[in-house]
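**Student:** how does the following fold in three dimensions:
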Amino acid sequence: MIGKTDKNPQLNVFRILLVNVINMKYELAELTQLINWNSVEMEFAPYYSDMGSPAVLVRKMVGCMLLKQMYGQSDESFVGRRIENPY
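**Tutor:** Down below sits the predicted model:
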């Protein structure tokens with residue numbers, strides 16, 4: 001049986017992992033290495049349901065909240081900054 005081939009393999013350029021693009025020595029990238037994400041996920045697990053659509057990852061939500069607090073940003077300004085700066 002012939003496997004499926006990608007009709008447009010050039011679109012894979014948009015599926016690059018962030019760790020392959022950013023400098024992992026950057027202070028915020030190093031900060032993420034210090035956080036015990038498994039522990040954070042276990043703390044938030046009781047607030048999640050197994051039913052319905054998949055939820056946003058705990059790491060993403062907590063990371064966004066930390067950055068908003070660290071830089072004193074509103075939701076709107078954070079979204080703008082997040083789009084412009086992958087760090």
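
**Student:** ok, the residue nearest to the spatial centre of the chain to E41 distance?
**Tutor:** Geometric centre of the chain, nearest residue: K60, 4.5 Å, by CA atoms, centre = their mean. Shown here: K60 relative to E41, a distance of 11 Å by CB to CB, to the nearest Å. Heads up, the C-betas are built off the backbone N, CA and C, glycines and all.

**Student:** quick one: average pLDDT of the longest helix seen in the chain?
**Tutor:** Determined from DSSP state H, the single longest helix within the chain is helix 58-71. Confidence over helix 58-71 (mean pLDDT, whole number) is 90.

**Student:** mind listing residues that contact that helix?
**Tutor:** Contacts with helix 58-71, where a contact means CB atoms under 8 Å, 6 or more residues apart in numbering, come from 28, 32, 37, 40-41, 44, 48, 73-75, 78, 81-82.

**Student:** buried set for that helix?
**Tutor:** Using 16 or more other CB atoms under 10 Å as the test for burial, helix 58-71 gives 58, 62-64, 67-68.

**Student:** again, but for stretch 44-63
**Tutor:** Within stretch 44-63, the residues scored as buried using 16+ other CB under 10 Å are 58, 62-63.

**Student:** for the chain, which spans come out with low pLDDT?
**Tutor:** Filtered on pLDDT under 70, the chain yields the residue ranges 1-14.

**Student:** which one is F44 nearest to, not counting chain neighbours?
**Tutor:** Nearest residue to F44, sequence neighbours excluded (CB to CB, 6 or more residues apart in numbering): V58, at 4.6 Å.

**Student:** using PDB, list the CA coordinates for the longest helix of the chain.
**Tutor:** Provided in PDB are the C-alpha atoms of helix 58-71 (Å, rounded to 0.1, in the frame of the first residue of the first chain):
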ATOM      1  CA  VAL A  58      -1.800  24.700  31.700                       C
ATOM      2  CA  ARG A  59       1.700  25.600  30.800                       C
ATOM      3  CA  LYS A  60       0.500  28.100  28.300                       C
ATOM      4  CA  MET A  61      -2.000  29.700  30.600                       C
ATOM      5  CA  VAL A  62       0.300  29.900  33.600                       C
ATOM      6  CA  GLY A  63       3.100  31.200  31.400                       C
ATOM      7  CA  CYS A  64       0.900  33.900  30.100                       C
ATOM      8  CA  MET A  65      -0.200  34.900  33.600                       C
ATOM      9  CA  LEU A  66       3.400  35.100  34.800                       C
ATOM     10  CA  LEU A  67       4.500  37.300  31.900                       C
ATOM     11  CA  LYS A  68       1.500  39.600  32.300                       C
ATOM     12  CA  GLN A  69       2.400  40.000  36.000                       C
ATOM     13  CA  MET A  70       6.100  40.400  35.400                       C
ATOM     14  CA  TYR A  71       5.600  43.200  32.900                       C
END
